[in-house]
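Asks: Need a 3D model of the following:
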Amino acid sequence: MVLTTMNISAQSPLGIWKTIDDDSGEAKSHVEIYEQNGKFYGEVVKLLLKPSDTVCTECKGAKNNKPVLGMIIIEDLEAEDDYWKNGDILDPLTGSVYGCSVWFEDGKTDEMQLRGRHWTGIYRTQTWYRI
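Replies: Below is the predicted model:
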């Protein structure tokens, strides 16, 4: 029974993930993905390239000028078979919010594919790495 529980957990996005800067290829932050009321959220728990007191100057609304550390940047992801969809992801560098989906490829549960989609249909996919 314990092995089954561990296996299910390993096949979900729950946990802490290392994000990578698209331009430099350096590790940028750690994001913890957690479940609340049947949806998945991601909170920045560590900044690796910027000071811990960095604020989101480009964010709109309630997140404007708030600390990036502790900020919820993934919201409302819904489980659908073997992937997660219909969420949003915030880019704290630009303040832009994109549609978000998440999945694993080829059984690699330590590498998560995360796709941000702009309303124009343009998208970008990143690989995040389980800590």
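Asks: For this protein, name the helix or strand with the lowest mean pLDDT.
Replies: helix 2-10 (a mean of 41; mean pLDDT, DSSP states H and E).
Asks: For the helix or strand just after it, which strands pair with it and how are they oriented?
Replies: For helix 2-10, the succeeding helix or strand toward the C-terminus, using DSSP states H and E, is strand 15-20. Here strand 15-20 is paired, per DSSP bridges, with strand 27-36 (antiparallel), strand 123-130 (antiparallel).
Asks: phi, psi of Asp106?
Replies: Dihedral pair for Asp106: phi 50, psi 30, per degrees, to the nearest 10.
Asks: Give me the neighbour count for it.
Replies: By other CB atoms under 10 Å, 5 other residues sit near Asp106. Backbone N, C-alpha and C define where each C-beta goes, glycine included.
Asks: and it, how far is that from Ser52?
Replies: 35 Å (CB to CB, to the nearest Å).
Asks: Val45 too?
Replies: The value you get for Val45 to Ser52, if CB to CB is used, is 11 Å.
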